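# Got a predicted model here, sequence first, then my questions.
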Amino acid sequence: DLDTGEWLELPDRRQFRQRYGLADTDEIILFVGRINWVKNLDKIIAALPTIRQRRPNVFFVCVGPDSDTHRDELIKLATDLDVSDRVLFTGLLEGEELKAAYASADVGVLVSIKENFGMSAAEALCSGLPVVLSDGVDMASDWNSTSPAYRVVEQNVDAIAQGLCVVLEYSFCDENVSQTVRAF
């Protein structure tokens, strides 16, 4: 069960950024979960060059434990695509450290091949973060894709890049995005 009230009081946005050397101007795309092939993290990394054309300060942060050394494959992909300096793996974070990650982020992302619910997406929404979900996340099946709180995308690099750009652009144009998301 998710205690939504637990996510209303978050640490200062700068706390996580300072700990990991991220600039105030970096736009953080946050993934929270197992670092596993089923999460389509390779597609998010493959989308970064396209996203950076529109949002040059974008940074992809992956919070969670490595599964089957998949992190190494993702690091190699990021290096091959020349975006390794814009990808951060923190390992598992819990409690206040996890809240600090959500507080620092600009958009949450969960584009799994298949996801029964999507706890990290629910936590992101409770934290006031908009989210980009794939059509493989069960909680997205009843949502339309026009809300400022979330975007539902197909599981391909172009759709993921487009969805993240739209949400990032909206969040930086609307000062009240976190209130809109929490009201969702």
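Now that the structure is in, tell me what you want to look at.

# Check residue 122 and give its pLDDT.
Looking at residue 122, its pLDDT is 84.

# swap in residue 182?
47.

# now residue 174
pLDDT, residue 174: 45.

# again, but for the one 5 residues further on
Confidence per residue is given as pLDDT, and for residue 179 that number is 47.

# do residue 4 as well
Residue 4 is given a pLDDT of 63.

# What residues of the lengthiest helix in the chain count as buried?
Across the chain, the longest stretch assigned as helix under DSSP state H is helix 157-173. Residues of helix 157-173 classed as buried by neighbour count (16 or more other CB atoms under 10 Å): 157, 159-168, 170-171. For every residue, glycine as well, the C-beta is placed using N, CA and C.

# and it, what does it pack onto?
strand 27-32, helix 41-54, strand 107-110, strand 131-134, strand 150-153 (3 or more CB pairs under 8 Å, 6 or more residues apart in numbering; DSSP states H and E).

# Next, the angle strand 27-32 makes with that helix.
With axes from the mean of the first three to the mean of the last three CA atoms, to 10 degrees applied, the angle from helix 157-173 to strand 27-32 works out at 120 degrees.

# so is residue 97 in a helix, a strand, or just coil?
Here residue 97 is recorded as helix under DSSP: H, G, I helix; E, B strand; the rest coil.
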